[in-house]
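Asker: Predicted structure and sequence below. I'll ask about it afterward.
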Amino acid sequence: MLVGGDRFAGRAFFSRYIGGKLKYPHPAVDARRFLDSLADHAARERIDVILPTSDYTVGAMVEGRGQLGGLARHCLPSESAWQLFRDKWETLSLANKLGIRAPKTYCCGNETELRSLLGSLDYPLVVKPRKSAGAIGFFLLGKPSDLPPDCFQAASGSDAVFDFQRPLVQEYIPGEIHDVCLLFNHGEPRAALTQKRLKMYPSSGGAGILNVTTDEPELKEQAIALLKAAQWHGPAQVEFKRGVDGRDYLMEVNGRLWGTLDLAVAAGINFPLLASRIAARGDVRPVTSYHVGLSYRWPWPYGILNAAETGRWFRTLGEFFGAGRGVKSDLWMSDLVPVFAEIVFAGQRFLSNRKAHRAGNAPLRRMRQVFHHKNC
């Protein structure tokens, strides 16, 4: 197995279990060069299947798959389906047509519309980009003045993945986040698993850092209906919020492999392997059985960041690391180098963030956040 990236700064590059590293241009900088580089690597290394894992790489491959020709197989959605679920507003519109409950949402064309709307709604509210990833650009507001006055200076950071110029305003749904993890083959489900986020970073609604597998048939049914309507192909994660009223609300769809993938694999559904087999062989037998009640945690840096965010170090770390003897973790004693590499990268990102803040780039810093999430 080969691992690729625009720079060797991810912990996967330092694992003893990879077969090699590939470097390519970042697709946001030059998508054509990125695809040309992939094609070159595929021909030279005789790569059978390519599994992109970020919104940038999936998007570039979806839109430019013709550049790869027949050099490597992949498991990618159609461009129309990809663009549909990249757009949170269009996703919620489809959900409404299918009778799937979602939070009340308003789409604003600019900052003036946004600030006018904020003065006429009940709080709390959520403001987030129409297109985004990893909770970046997410603001939870208790009153209109909670939205930073300079946040729209980050609009220049909009690109193929992020749209900071057209924000969404959404009613805040307090409750638990449940994910439906899926694999589809041209509109037909081939694997499904549900999980609940016990702890997150940021805690207001970010990536899961302590999750547990569940069995939620109704959530699976709604997620499958949504992806079927788009004739989805490949992996996807559908996010729901279970409110204090006991009702489930669709939040968004992530059309790629997700950051908490480790839990699904440990529970018995190897989504990357199944996606590779669909790409290489055309199909796989449906897989629906897995270990329910299995917990998984991501200690570094997310457990530490969660404790720093709350300010209650002893209590938070006690809850996180005392979650039970049977809890799995991405800290493997047989493969510790990636952990030390992540510590170095976290320090570099922190210093870079401080430098950007001093240079006057605070708005964009808030949008991008200090630490990138696992799925970015």
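Answerer: Noted; the coordinates are in hand. Residues are numbered from 1 along each chain as shown.
Asker: ok but Met251 is inside a strand, no?
Answerer: Yes. According to DSSP: H, G, I helix; E, B strand; the rest coil, Met251 belongs to a strand.
Asker: any idea how far it is from Ala264?
Answerer: 19 Å (CB to CB, to the nearest Å). C-beta coordinates here come from the backbone N, C-alpha and C atoms, glycine included.
Asker: Just want to know which of these two has more residues nearby.
Answerer: Neighbour count, other CB atoms under 10 Å: between Met251 and Ala264, Ala264 has more, with 27 against 23.
Asker: can you give me phi and psi for the more buried one?
Answerer: In terms of degrees, to the nearest 10, the main-chain angles of Ala264 are phi -60, psi -40.
Asker: That one contacts Leu182, correct?
Answerer: No. Look at Ala264 against Leu182 with CB atoms under 8 Å: they stay out of range, at 10.3 Å.
Asker: list residues touching both of the two?
Answerer: Common neighbours of Ala264 and Leu182 are listed as Leu193 (criterion: CB atoms under 8 Å, 6 or more residues apart in numbering).
Asker: Who are the contact partners of the closest residue to Tyr249 other than its chain neighbours?
Answerer: The shortest distance from Tyr249 to any non-neighbouring residue, by CB to CB, 6 or more residues apart in numbering, is to Lys241 (4.8 Å). Residues in contact with Lys241 (CB under 8 Å, 6+ apart) are 103, 173, 175-178, 248-249, 251.
Asker: for Lys241, phi and psi?
Answerer: phi -120, psi 120.
Asker: how close does Pro129 sit to Leu84?
Answerer: If you go by CB to CB, the gap between Pro129 and Leu84 works out to 16 Å.
Asker: again with Thr194
Answerer: Applying CB to CB to Thr194 and Leu84 gives a distance of 22 Å.
Asker: what do you get for Leu168?
Answerer: For Leu168, the distance to Leu84 - CB to CB - is 16 Å.
Asker: do Asp122 as well
Answerer: 30 Å.
Asker: The two: who's more crowded?
Answerer: Between Asp122 and Leu84, counted using other CB under 10 Å, Leu84 has the larger neighbour count: 20 against 7.
Asker: surely Lys23 meets Gly4?
Answerer: Yes. With contacts counted by CB under 8 Å, Lys23 reaches Gly4, the gap being 7.0 Å.
Asker: Please say which of these two ends up with more neighbours.
Answerer: Gly4 (22 against 12).
Asker: which element follows the longest strand belonging to the chain toward the C-terminus?
Answerer: Determined from DSSP state E, the single longest strand within the chain is strand 188-201. Next in sequence after strand 188-201, counting helices and strands by DSSP states H and E, comes strand 207-214.
Asker: Thanks a lot, see you next time.
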